[in-house]
Structures are given as structure tokens and as C-alpha cells.
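> Pasted the sequence and its predicted model underneath.
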Amino acid sequence: MDNKITIEFLDHVAIRVKDMEASIVWYEKVLGLKKHQLPKWGAYPVFMFSGKTGIALFPAHLDDTELDPESKNVKIDHFAFNVTNENFEKAKNHYTSLGLEYKIQDHHYFHSMYTKDPDGHTVELTTLVVDESDVYHK
């Protein structure tokens with residue numbers, strides 16, 4: 001009996017945010033994600049999707065102890081959306097026009113652009129700069 005599973009795609013990453021509406025607006029304006037809410041779930045989570053991939057926004061519990069955002073201890077470090085080379089170049093102009101701070105890193109196989117959302121989550125856009133067969137194994 002073969003119990004090996006195959007993952008189709010990353011569905012979402014769930015993040016806690018201070019201000020749901022501000023985060024919804026930011027992800028729409030900066031990344032062009034589309035808001036999607038399922039009525040039977042109530043006010044949250046609010047999904048922000050590009051196709052079938054995205055994030056799920058949940059309200060932060062502001063009375064809980066705050067985590068050090070600079071800590072490299074166990075936590076989600078960042079999440080990444082893949083874009084074409086063309087859209088990577090467009091994102092540079094878009095981020096600049098919005099006045100967002102960002103940094104670019106060359107990862108040999110990928111180029112990545114990092115910025116912070118309103119809650120300080122690191123959001124990456126990444127683009128492949130070599131043939132995909134040099135990176136992905138099927």
C-alpha cells in the first residue's frame with residue numbers, strides 16, 4: 001500500500017494582525033491580492049488570494065505577550081509569493097511609487113525582494129532566474 005502524498009500547492013499562511021482592515025487594504029494595494037471571506041466562518045479569517053495561493057488574516061490578541069520581531073527563535077520568518085521576472089521588475093516600480101522600503105537579494109537561482117507589512121511581517125516576492133529544471137525536482 002503506497003501512502004505517499006503529493007502536495008498540489010501552498011494554500012495559505014495564517015498571520016495575526018493588529019488591524020484587520022488596514023492589513024486587507026495593504027495586501028490589496030501592495031500585492032493586488034483579492035479579499036475572500038466565507039460567510040459561515042464569520043468575521044475571520046479573511047483570506048487574501050492570488051489564484052489559489054495566499055494568506056489568512058486573523059486578529060492579533062493584543063493582550064498576549066508580544067514576541068520580539070527580531071528574534072530568530074522558532075517562528076514564521078517570512079512568506080514568499082512567486083512572480084515572473086517581468087512582474088518582479090514591475091514590483092520594484094510599484095513599491096517605489098508607494099514609498100515602501102524594500103531590499104533585493106540575489107539567491108543565485110532566484111532574486112528576491114523583501115518588504116514589511118503593517119504588522120512587521122516580512123513579505124517576499126521571488127522570481128526564478130535559471131531554468132526551473134535546475135531547481136525543482138518532479
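Here it is on my side, so go on.

> what comes up buried for stretch 69-89?
For stretch 69-89, a neighbour-count test (16 or more other Cβ atoms under 10 Å) marks 79, 80, 81, 83, 88 as buried. From N, CA and C alone the C-beta is placed, and that goes for glycine too.

> same check, this time on stretch 127-138
127, 128.

> again with stretch 24-44
Residues of stretch 24-44 classed as buried by neighbour count (16+ other Cβ under 10 Å): 24, 26, 27, 30, 31, 33.

> between those residues, which is closest to residue 100?
Set against residue 100, the nearest of these by Cβ to Cβ is residue 30 (6.9 Å).

> three-state assignment of that closest one?
helix (DSSP: H, G, I helix; E, B strand; the rest coil).

> now swap in the one 10 residues further on and tell me
Put simply, residue 40 is helix when judged by three-state DSSP.

> Likewise for the one 4 residues further on?
For residue 44, the secondary structure call by three-state DSSP comes out as coil.

> For it, give its distance to residue 78.
22 Å (Cβ to Cβ, to the nearest Å).

> Equivalent analysis for residue 46, please.
Plainly put, residue 46 is 20 Å away from residue 78 if you go by Cβ to Cβ.
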